[in-house]
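1. kindly generate the corresponding structure for this input.
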Amino acid sequence: MTAQLAAPAIGSPTLNLSVFLIFVFITLFIVYKVTNRNQSTADYYAAGSAFTGMQNGIAMSGDFLSAASFLGISGAIAVHGYDGFLYSVGWLVAWLVALLLIGERVRNTGRFTMGDVMAFRMRQRPVRAAAANATLVITFFYMLAQMAGAGGLMALLLNVHTRGGQALLITGVGIVMVFYVLVGGMKGTTWVQIIKAGLLLVTVTFISVFLIGKFGFNFSGLLEQAAQNSPLGEKLLQPGSSYGTDGTSQLDFVSLALSLVLGISSLPHVLMRVYTVPTAKEARSSVVWCSWSMFIFYLGILVVGYSATALVGSDTIVHAPGGENSAAPLLAFHIGGVVLLGIVSAVAFATILAVVAGLTLAASASFAHDVYANVLRRGKADPRSEIRVARLTALVIGFLAIIGGIVADGQNVAFLVSLALALAASANLPTLLYTLYWKRFNTSGTLWSIYGGLVSCLVLILFSPAVSGGPTSIIRTVDFHWFPLTNPGVVSIPLSFLCGYLGTVFSRHPADPDKHAEMEVRALTGIGADL
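-> Numbers count the residues shown, from 1 in each chain. This is a model prediction of the structure:
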């Protein structure tokens, strides 16, 4: 039975790999051509703020539309139905927070990293160190999702089913990803994101329109066949397949929703993108373009997910190499044979490469700019040495991403991303909102908010069913969980707000009113942004 299920998943490994390598060579050539040989820190971190709102918005959607969106959500819809689609609804709504509260003010206040904003009116060294620590942890969890998606995809598309073989291929993906960052910086990475986002949107739109046409442009007929081809039956179309009616499941759903909606606007690699445009108006335009791109994409993914159930079957998907993450590739092979599977495999590989490249750039920029340049060198670092440290950090981050991807192989990537979002929403969002909007907020409150949210979220994740004690846990052989929810956002996010408040009101060192006034003028007008 296993052989029968695995056979259609293989397609033509040679074709799949060939199409992917063509994409890699084309994008590497583009990265090489657009790279400025004499890069300054502004070029390397923010591409010289030379992109338009439309270009940056498409790249921003490319930065977020990751393996979790393409592989994870389509698989979650195919297996769990309605509850699987909740991820994409939360991620789409989340951009309103970025548009209305975060994007413009962050762009005007900072220069390269999230630490620039958090430390603007605080004591520089401890706050920048805390911001960098949070960025590195969040980035690592997000990378786990992408590299786990790479492992499952390779098992499915290249007919590599041994752990050693997958580890070798994940290493290859990691090397290419690091090369993008080392050579191209933000400018090269942005063009990779634009190309990848365009490919992803065109592919998903084309497939979804074709699939609806296959059912006579009758979406209800597609849903009916999907329900017939799933063990859940009609429950596939109703809420409750993943999050049931008991109190714990409902609270887990609320926790997930909070993390999804509040996490995106505080992801370090997404926030870095607001610095790549020349004005605050273009920053707002970026978020609008990104929102529309994601709206079109997630409509298509809804069709792809249910079509995978209708045409392939959820049982076949679950038992295929890669599990839930194999839904979109299996569907592509079913409707278009090895050619369409090769195209989808290239888009999926490109998705993973581009997103991990963006994550690597964010992590390396945070360490080099916040820790090396402003903490260790006290703001007196030579730009060339700062870029050199950023590139060395990218190598280290790439190595850790490869190791993490091997460990997390087989997990649903959308679920893993939700944990990264919980960390971002806990450590970063309360601190950013307090910094931008609360006059009394001070250094103590900043440190309490960042570390309170980060540590509490990490501890709750470690002792949750996400890590141990469940059939879908990362570690299935032991059970040491005591926290009942798989996503800790409902506890750690309010706790971070509370820590920031208490740290501020009980601090003996009041906020600097002059720095707050300067920050408020700069955030609202852009005067002094110097980007």
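
2. what distance separates the helix or strand where residue 138 lies from the centre of its chain?
-> For residue 138, the element it lies in under DSSP states H and E is helix 124-157. Here helix 124-157 shows a centroid-to-chain-centroid distance of 9 Å under the convention C-alpha atoms, centre = their mean, to the nearest Å.

3. do the same with stretch 449-464
-> For stretch 449-464, the distance to the chain centre is 19 Å (C-alpha atoms, centre = their mean).

4. hmm, back to that, C-terminal to the helix holding residue 138, what's the next element?
-> Heading C-terminal from helix 124-157, the first helix or strand you meet, by DSSP H and E, is helix 163-214.

5. other SSEs contacting that following helix?
-> Packed against helix 163-214 by the contact rule (3 or more C-beta pairs under 8 Å, 6 or more residues apart in numbering; DSSP states H and E) you find helix 13-34, helix 41-46, helix 53-64, helix 124-157, helix 219-228, helix 280-311, helix 327-365, helix 383-407. Just so you know, the C-beta spots here come from the backbone N, C-alpha and C atoms, and that holds for glycine as well.

6. CSV for these, including mean pLDDT, distance to residue 100 and mean neighbour count?
-> Output for the helices and strands packed on helix 163-214, formatted as CSV (pLDDT from 0 to 100; distance: least, C-beta to C-beta, whole Å; neighbours: other C-beta atoms under 10 Å):
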stretch, mean pLDDT, distance to residue 100, mean neighbour count
helix 13-34, 74, 32, 16
helix 41-46, 71, 23, 23
helix 53-64, 85, 16, 26
helix 124-157, 80, 22, 26
helix 219-228, 88, 32, 16
helix 280-311, 88, 9, 22
helix 327-365, 80, 23, 26
helix 383-407, 81, 32, 19
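
7. let's have those helices in JSON lines, adding distance to residue 116.
-> JSON lines is the format used below for the helices and strands packed on helix 163-214 (distance: least, C-beta to C-beta, whole Å):
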{"stretch": "helix 13-34", "distance to residue 116": "25"}
{"stretch": "helix 41-46", "distance to residue 116": "10"}
{"stretch": "helix 53-64", "distance to residue 116": "18"}
{"stretch": "helix 124-157", "distance to residue 116": "8"}
{"stretch": "helix 219-228", "distance to residue 116": "46"}
{"stretch": "helix 280-311", "distance to residue 116": "15"}
{"stretch": "helix 327-365", "distance to residue 116": "10"}
{"stretch": "helix 383-407", "distance to residue 116": "14"}
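
8. looking at those, which is closest to residue 83?
-> Closest approach to residue 83 among those (C-beta to C-beta): helix 280-311, 11.4 Å.

9. now the helix or strand where residue 518 lies - C-alpha only, CSV.
-> If you go by DSSP H and E, residue 518 is part of helix 513-525. Provided in CSV are the C-alpha atoms of helix 513-525 (Å, rounded to 0.1, in the frame of the first residue of the first chain):
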residue,chain,number,x,y,z
PRO,A,513,10.5,63.4,27.6
ASP,A,514,12.7,65.1,25.0
LYS,A,515,13.5,61.8,23.3
HIS,A,516,9.8,60.9,23.3
ALA,A,517,8.9,64.2,21.7
GLU,A,518,11.6,63.7,19.1
MET,A,519,10.4,60.2,18.3
GLU,A,520,6.8,61.3,18.1
VAL,A,521,7.6,64.1,15.5
ARG,A,522,9.8,61.7,13.5
ALA,A,523,7.3,58.9,13.6
LEU,A,524,4.4,61.1,12.4
THR,A,525,6.3,63.3,9.9
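
10. and it, what does it pack against?
-> helix 103-109, helix 429-437.

11. buried ones in that helix, by neighbour count?
-> For helix 513-525, burial by neighbour count (16 or more other C-beta atoms under 10 Å) applies to 516, 518-520, 522-523.

12. report the inter-axis angle for the helix holding residue 138 versus helix 383-407.
-> 40 degrees (axes from the mean of the first three to the mean of the last three C-alpha atoms, to 10 degrees).

13. among the helices and strands packed on helix 163-214, which comes closest to residue 73?
-> The minimum distance between residue 73 and these falls on helix 280-311, with 5.5 Å, by C-beta to C-beta.

14. pLDDT score assigned to residue 494?
-> On pLDDT, residue 494 comes in at 94.

15. over to residue 530?
-> pLDDT at residue 530 comes out at 59.

16. before we move on, what about residue 207?
-> 90.

17. so it is in contact with residue 301, correct?
-> No: at 9.8 Å, residue 207 does not count as touching residue 301 under the criterion of C-beta atoms under 8 Å.

18. contact partners for the most centrally placed residue in the chain?
-> Centroid check for the chain by C-alpha atoms, centre = their mean gives residue 64 as the closest residue, at 4.9 Å. Residue 64 makes contacts with 91, 264, 267, 270, 290, 294, 355, as judged by C-beta atoms under 8 Å, 6 or more residues apart in numbering.
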